[in-house]
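Colleague: predicted model, plus sequence, below.
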Amino acid sequence: MAKELEVGDKAPSLSLPDQSGEPVSLKDFKGKQVVLYFYPKDDTPGCTKESCDFRDAEASIKKAGAVILGVSFDGQESHQKFIKKFTLPFTLLSDEEKVAAKAYGVYKEKSMYGRKYWGIERSTFVIDQAGKLKAIFRKVKVGSHVDDVLTALKA
């Protein structure tokens, strides 16, 4: 089991296909802050609310010199539909092999209706211009989350 990531750690590198199948890597954003948010599933109530909150805050996030990347296990087609349906202005990455989720420690055993299964624990990582973790939000509750992310970006 990898050690739990902490603020100040170097962000684990990742290279995943985006909604168009183009590889996206963290090093593509050197010199920018990155808001990397892991969410369980496209077009489900909590994930939609969270993604739309990021969409609505995108101008402020950009002003803070940051880009937004969403990550789930969904494939390109699912991401394309999700982006189109909610006019999401940022990149969604497909982590179908669960490599990034494991590297960031968000692939967890969960329980719903008494059934145990493995999935993404809703989490957001703010990565600074040098590629270090500036803020970590685990077990995110959708709601005021985007405000907390903005505060971290401006810190």
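Modeller: Perfect, I can see it now.
Colleague: centroid-nearest residue for the chain?
Modeller: Nearest to the mean C-alpha position of the chain, by C-alpha atoms, centre = their mean, lies Tyr37 at 1.5 Å.
Colleague: the worst-scoring helix or strand of the chain on mean pLDDT pairs with which strands, and in what direction?
Modeller: Least confident helix or strand, the chain: strand 107-112 with a mean of 88, by mean pLDDT, DSSP states H and E. Strand 107-112 sits in its sheet next to strand 115-120 (antiparallel), going by DSSP bridges.
Colleague: one step back: now the least confident helix or strand of the chain: buried residues?
Modeller: For strand 107-112, a neighbour-count test (16 or more other C-beta atoms under 10 Å) marks Tyr107 as buried. C-beta: built from backbone N, CA, C; applies to glycine.
Colleague: what sits up against it?
Modeller: Counting by C-beta atoms under 8 Å, 6 or more residues apart in numbering, the neighbours of strand 107-112 from elsewhere in the structure are 98, 101, 116-121.
Colleague: with distance to Pro45, pLDDT and neighbour count added, can I get the residues you listed in a markdown table?
Modeller: A markdown table is the format used below for the contacts of strand 107-112 (distance: C-beta to C-beta, whole Å; pLDDT from 0 to 100; neighbours: other C-beta atoms under 10 Å):
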| residue | distance to Pro45 | pLDDT | neighbour count |
| --- | --- | --- | --- |
| Lys98 | 23 | 96 | 14 |
| Ala101 | 21 | 96 | 22 |
| Lys116 | 21 | 92 | 8 |
| Tyr117 | 18 | 88 | 8 |
| Trp118 | 21 | 92 | 10 |
| Gly119 | 15 | 92 | 17 |
| Ile120 | 15 | 93 | 22 |
| Glu121 | 17 | 93 | 18 |
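Colleague: gap between the residue of the chain most remote from its centre and Ile120?
Modeller: The outermost residue of the chain, judged against the average C-alpha position, is Gly114 (26.8 Å), by C-alpha atoms, centre = their mean. Per C-beta to C-beta, to the nearest Å, Gly114 is found 20 Å from Ile120.
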